[in-house]
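S.K.: Based on what follows, work out the 3D shape:
(chains A and B)
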Amino acid sequence: MADVAVRLVQLTKRFGGDAVGRRAAKYVPGANADEGFLAVDHIDLEVRDGEFFSLLGPSGCGKTTTLRMVGGFEQPTDGRIELQGEDVTWLPAYQRNVNTVFQNYALFPHLTIYENVAFGLRRKKVADADVRKRVTEMLELVELPGYERRKPAQISGGQAQRVALARALVNRPAVLLLDEPLGALDLKLRKQMQVELKRIQQEVGITFVYVTHDQEEAMTMSDRIAVMHKGRYEQLGDPEALYERPKTRFVAGFLGVSNLLSVDSDGTSGDFAAFKLGDGTACRVPSALVAGRKGKIALGVRPEKIRLTEPGKDIPDSFNRLTGTIAHASYLGVSTQYIVALPDGHRVTVFEQNVARATKAELWATGEAVVLSWQPDHSFIVEEAGDNVDAPGIDALEAVGVQ
Amino acid sequence: MTAEAAPMNRPRVGLLTSIKRLADRYLLMTYTSLAVIYLLLPVAVIILFSFNDPIGRRNFVWQRFSLDAWLNPLGVPGLGESVWLSLVIAFVSTLFATMIGTLMALALVRYEFRGKSLTNSLIFLPMATPEIVMGASLLTLFVSIGNPPFFPLNIVTILIAHILFNISYVVVTVRARLVGFPRHLEEAAMDLGANEWVTFWRVTFPLILPGIVAAALLAFSLSIDDFVITNFSAGQTQTFPMFIYAQARVGVPVQVYVIGSIIFLVAVISVGLTTLAGRRQSSG
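M.R.: So this is what the prediction gives:
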């Protein structure tokens, strides 16, 4: 087993009915200001040494609170935090071998870029010559050499972001905590910084714990992601596993677009589990996906996994299939997004690459009858846990097809 | 049609319009100049009459230019001592009021505690109380404690009074600077290994320093020219304002105008420096 950089044991944070709790409650949908609420709810988590780990979730899911507890800015109500095997739960921030990149950079406005980056080294009484060497190296790593004498007000947001990163990394922490560091940047710069962050992480080999609400950002950079919801994480895994095999309705909706079909079990035959949709259509998924699942489940399939064909065209026997009519088509350039209405009124989202059909005339037209088909292997199964259905207003959820 | 005709029928500039334009241009300027003159005239008179060479004791009529008073600014018995006393009182009371007031402002902005809002309102009380009432009540307090009085009226009682009324002004000024102070900067400092003490001196203090300096300047100027409260708590001690008041009955010596001019110049210079420093800091 790889070494563990951060271990959270039953970590819990309850914001009580006090002034702090009331202030925090404002940002959490549905939180009761006077009774307090559980921001972080008994989390057990292990972050491996050297990995890029993301806590992903909507605002108010507890991801930032979790990070702040690891950083030492928030005291847990219950539970334990270990850094490289050492219990740091009650250590103040300045005695922990972690550094943080704050959402708003938090550069010291009265100090030059050089002194900002050197701040941590000066606290450790590192010799001047060493400070100079390490700061210079670090500014080179973040590609800002020559900015030493400027003040934070004289650089751009993207540069400030790099300085914040350098200021944290120069201390060679065991773990670097990043709290939505790219949130304030525009889209193009954000994409650029994502690549940059990953490069730097691989170069320095330090464990990154990254908090974000942006699923694409998490997918691009992370080795592993924990998808958080209501103070707990619903699923933990690498980006591919989370996307291809989401286990809950919330994860399916939060990462990408999902079509979820309510199904009834129809027994197992060989390697496949059989299901019936509401209108009696049969579907199959690998039985491994169903193993151990209890209660009501739904069958999911990603929009890009579905193939659209004309009725009567040949489709491999093993494929799952549905029939429907095109209800809406939006041309997106790379692909076209179709909303297909099933006979029972449910709607399924389908993405089709604009290759076989590329011009307006060739695209499927509204009202055309189509057959939807996909490999059983491309399905996933989510549990229909009641309290996961009311996921907050995430854009992706609006595109969730069949309810 | 009107749109096409308009350029050919250029509207003639009417009399009213041209008066309005003239007024727009000059009225505001005139008004502003008059206001500035109104504000600065007393100061100008002080500076002007500090170069006067009066006949007799009354420095009210311009006679002729002279540098006598400037070359010998403390050449009146008692003047030097009173100026020195006022400076010492202003300096010491500013120091204490700024320290106490800054700490109070920090507590009032940073922490939640019982009686916080009450303290916030009470802070305004010394500012709202008429000076004459405050002076009288302080006198009563000083003479009623102990027999013989524990606080004989002297420089100590003046200091107590000055620190008292200065604290409110310091708290209000520093508090304004602290509200909206980015707390995450302190978190960042702690994150980088600075404990509470180092965080305060390396991050918090430098960032609120402009507020503290502004508060100190205010306290200093309030203290150095206070007359009413000082008069009640001074006993036989004579500060500079009290000296002027005493002299006014027989005629204010030219040297007082010189000292006044110097104080004014020092004030102008320190305000200028503060503005400059503030501008440099905000522009990074």
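
S.K.: okay, CA-based contacts and neighbour counts for the rest of this
M.R.: Will do.

S.K.: looking at this, B:I262 is in a helix?
M.R.: Yes - using DSSP: H, G, I helix; E, B strand; the rest coil, the assignment for B:I262 is a helix.

S.K.: Number of residues surrounding the residue in the stretch 51-200 of chain B that chain A sits nearest to?
M.R.: Residue nearest to chain A within the stretch 51-200 of chain B (Cα to the nearest Cα): B:G193, separated by 4.0 Å. A total of 26 residues lie near B:G193 under the criterion other Cα atoms under 10 Å in any protein chain shown.

S.K.: And it, what's its pLDDT?
M.R.: Listed pLDDT for B:G193 reads 93.

S.K.: before we move on, what SS does it have?
M.R.: coil.

S.K.: who touches it in this structure?
M.R.: A:93-95, A:120, A:123-124 (Cα atoms under 8 Å, 6 or more residues apart in numbering or on different chains).

S.K.: got the residues of chain B near chain A?
M.R.: Listed as neighbours of chain A in chain B under the rule Cα under 8 Å from any Cα of the partner chain: B:112, B:184-185, B:187-195, B:203, B:206-207, B:281, B:283-284.

S.K.: Enumerate the positions of stretch A:331-350 that are buried.
M.R.: Of all the residues in stretch A:331-350, those buried under the rule 16 or more other Cα atoms under 10 Å in any protein chain shown are A:331, A:335-342, A:347-350.

S.K.: quick one, helices of the stretch 151-284 of chain B?
M.R.: Secondary structure of the stretch 151-284 of chain B, counting by DSSP state H, counting those that start in this stretch: helices at B:155-178, B:183-191, B:196-199, B:205-224, B:228-233, B:240-248, B:254-282.

S.K.: Tell me which of those lies nearest to B:G101.
M.R.: Closest to B:G101 of the helices of the stretch 151-284 of chain B, according to Cα to Cα: helix B:155-178, at 4.7 Å.

S.K.: Work out the gap between that closest one and the centre of the chain.
M.R.: 12 Å (Cα atoms, centre = their mean, to the nearest Å).

S.K.: Likewise for stretch B:92-100?
M.R.: 14 Å.

S.K.: and if you look at stretch B:95-111?
M.R.: With Cα atoms, centre = their mean, you get 19 Å for stretch B:95-111.

S.K.: try stretch B:254-265
M.R.: Mean-position distance between stretch B:254-265 and its chain equals 16 Å (Cα atoms, centre = their mean).

S.K.: And A:I155, how far from B:P206?
M.R.: 21 Å (Cα to Cα, to the nearest Å).

S.K.: what's the answer for A:M221, then?
M.R.: Distance from A:M221 to B:P206, by Cα to Cα: 38 Å.

S.K.: and A:I381, what are its bridge partners?
M.R.: For A:I381, the beta-bridge partners are A:L299 (DSSP bridges).

S.K.: what about the closest residue to A:T66 other than its chain neighbours, which helix or strand?
M.R.: Spatial nearest neighbour of A:T66, excluding adjacent residues (Cα to Cα, 6 or more residues apart in numbering or on different chains): A:V40 at 6.7 Å. Element membership for A:V40 (DSSP states H and E) is strand A:37-48.

S.K.: low pLDDT regions in the stretch 1-150 of chain A?
M.R.: A:1-2, A:17-35 (pLDDT under 70).

S.K.: Now do the residue in it positioned nearest to chain B: how many residues are near it, please.
M.R.: Going by Cα to the nearest Cα, chain B is nearest to A:Y94 of the stretch 1-150 of chain A, at 4.0 Å. A:Y94 is flanked by 23 other residues according to other Cα under 10 Å.

S.K.: can you check A:K313 too?
M.R.: Neighbour tally, A:K313, other Cα under 10 Å: 8.

S.K.: Enumerate every residue touching it.
M.R.: So A:K313 contacts nothing (Cα under 8 Å, 6+ apart).

S.K.: Kindly report the same for the one 10 residues further on.
M.R.: Residues near A:T323 by Cα under 8 Å, 6+ apart: A:342-343, A:369-372.

S.K.: Do a quick rundown of the helices in the stretch 201-350 of chain A.
M.R.: A:215-221, A:239-244, A:249-254.

S.K.: what does chain A put close to chain B?
M.R.: A:19, A:71-73, A:93-96, A:98-100, A:102, A:106-110, A:119-120, A:123-124, A:150-154, A:168, A:171.

S.K.: Quick check on these: which are buried?
M.R.: So, by 16+ other Cα under 10 Å, the buried ones in the residues of chain A next to chain B are A:71-73, A:93-96, A:98-100, A:102, A:106-110, A:119-120, A:151-154, A:168, A:171.

S.K.: quick revisit: who does the strand holding A:V40 pair with, and is each partner parallel or antiparallel?
M.R.: Sheet partners by DSSP bridges: for strand A:37-48, these are strand A:4-15 (antiparallel).

S.K.: Centre of the chain to the partner strand, how far?
M.R.: The mean C-alpha position of strand A:4-15 is separated from the chain mean by 19 Å, Cα atoms, centre = their mean.

S.K.: what's the answer for stretch B:52-64, then?
M.R.: Distance, centroid of stretch B:52-64 to centroid of chain: 30 Å (Cα atoms, centre = their mean).

S.K.: Name the residues of the longest helix seen in chain B that come out as buried.
M.R.: Secondary structure of chain B read by DSSP state H shows that its longest helix is helix B:15-49. Neighbour-count burial for helix B:15-49, counted by 16+ other Cα under 10 Å, picks out B:43, B:46-47, B:49.
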